[in-house]
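Engineer: heads up, no residue letters with this:
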Ligand code: TRP
């Protein structure tokens, strides 16, 4: 007897393997991926080719971090039984799609992409931007469409890339007149981007203001202790400011007990609640979040052969899926198959 199951909606996301993931990644995207992995068919891409677009001088770093980030996924609670984790560079259909899509986007459109603009500035590329870097949004469109993903859980900095993807999808659909590719929707958390431990707008390993997913209890305690609060809140009895106070921003992002956070805010604003007490709460919340991740990570790290095998299986499954989409697009564009 054949059973017809309505297919689950498809999620595709990815990360550049350039360093370990941190709690900013968790708040921005990993938490959603863990929550949605059973109700969706989920693929996660270790985007090593995208990492090459600004790390071509350090392939060893990228290679090492493919395994590190895979461990971070497993640590965060991504279940390899239901989520397919795969390696971008081992999926040739993505490269071919990228090359096709290049003709459906203009250089000036790529140069106007706000994410690319600020990344070029941050990296000091100015006039020396690698062609691959300028074109990585096209490769990201290939990633998303090759899986026919309709949902992409990402941090808010990625929104312009999903917009760019949808523009390419519309161009391809118009050209092939067959509505082959579904549009993709970014899933961005309401809490917004998590600031760094120092209060700077972005948490990033390279800025030294990140808390890794595998942080020890001592690292957590130390990080929270040094955290920026309200500079005018000198004594516990003074009224304090909650807005822009990193400790409260983190409590908002990570504490599930809303009533507790609201109560702390009220007492802090009124005066009489010291930074030390609020920080202790945050430390407990972060430790409860990170401890199971740290333990899971250690268990998987002790079995590198298992992790490699999981990546191999995931990549093989993704290879079939992406090749099937490429074949459809090639046919729709009238390319010879022979
Ligand atoms: N650009 C993403 C980042 O910098 C990584 C990425 C690659 C991605 N391919 C993707 C994200 C496809 C979402 C969908 O982290």
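Structural biologist: Nice, I can see it. Quantities reported herein were computed from a predicted structural model and do not represent experimental measurements.

Engineer: residue 83 is in contact with residue 37, correct?
Structural biologist: Yes - proximity of residue 37 to residue 83 meets the contact threshold set by CB atoms under 8 Å, at 4.8 Å. C-beta here means a position set from N, CA and C on the backbone, and glycine is covered the same way.

Engineer: looking only at neighbour counts, state which of those two leads.
Structural biologist: A count of neighbours by other CB atoms under 10 Å puts residue 83 above the other of residue 37 and residue 83, at 22 against 19.

Engineer: what bridges to the more buried one?
Structural biologist: According to DSSP bridges, the partner residues bridging residue 83 are residue 42.

Engineer: show me what contacts it?
Structural biologist: 33, 37, 42, 43, 44, 73 (CB atoms under 8 Å, 6 or more residues apart in numbering).

Engineer: surely residue 250 is in a helix?
Structural biologist: Yes - assigned with DSSP: H, G, I helix; E, B strand; the rest coil, residue 250 falls within a helix.

Engineer: need the residues of the stretch 101-250 of the chain near the ligand, please.
Structural biologist: 140, 143, 144, 152, 154, 158 (CB under 6 Å from any ligand atom).

Engineer: quick one, what contacts residue 180?
Structural biologist: 172, 173, 328, 329, 332.

Engineer: in helices, which of those appear?
Structural biologist: Counted as lying in helices by DSSP state H, out of the contacts of residue 180, are 172, 173, 328, 329, 332.

Engineer: starting at the chain centroid, how far to the lowest-mean-pLDDT helix or strand in the chain?
Structural biologist: In the chain, no helix or strand scores lower on mean pLDDT, DSSP states H and E than helix 114-122, which sits at a mean of 91. The chain centre lies 17 Å from the centre of helix 114-122; the measure is CA atoms, centre = their mean, to the nearest Å.

Engineer: following element in sequence after it, please.
Structural biologist: Sequence order places helix 131-134 as the next helix or strand after helix 114-122, per DSSP states H and E.

Engineer: elements contacting the very next helix or strand once past that following helix?
Structural biologist: Following helix 131-134 in sequence order, the next helix or strand is helix 136-146 (DSSP H and E). With contacts defined as 3 or more CB pairs under 8 Å, 6 or more residues apart in numbering; DSSP states H and E, the packing partners of helix 136-146 are strand 10-15, helix 48-52, helix 92-101, helix 114-122, helix 159-176, helix 304-332.

Engineer: the second one: what's the following helix or strand?
Structural biologist: Per DSSP H and E, helix 48-52 leads on to helix 59-76 as the next helix or strand towards the C-terminus.

Engineer: also the fifth one?
Structural biologist: Once helix 159-176 ends, the next helix or strand along the chain (criterion: DSSP H and E) is strand 185-187.

Engineer: how about that following strand: buried residues?
Structural biologist: Using 16 or more other CB atoms under 10 Å as the test for burial, strand 185-187 gives 186, 187.

Engineer: mind giving me the packing neighbours of it?
Structural biologist: strand 151-153, helix 159-176.

Engineer: can you put the ones you listed in a markdown table and add mean pLDDT?
Structural biologist: Listed next are the helices and strands packed on strand 185-187 as a markdown table, based on pLDDT from 0 to 100:
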| stretch | mean pLDDT |
| --- | --- |
| strand 151-153 | 98 |
| helix 159-176 | 97 |
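
Engineer: which of those sits most buried?
Structural biologist: Comparing those by mean neighbour count (mean count of other CB atoms under 10 Å), strand 151-153 comes out on top with a mean of 23.

Engineer: give the burial count for the closest residue in space to residue 139 that isn't next to it in sequence, as a bare number.
Structural biologist: Distance criterion CB to CB, 6 or more residues apart in numbering; nearest residue to residue 139, sequence neighbours excluded, is residue 98 at 4.4 Å. Neighbour count for residue 98, taken as other CB under 10 Å: 20.

Engineer: any idea how far residue 98 lies from the ligand?
Structural biologist: According to CB to the nearest ligand atom, to the nearest Å, residue 98 and the ligand sit 11 Å apart.

Engineer: that concludes my questions; thank you for your assistance.
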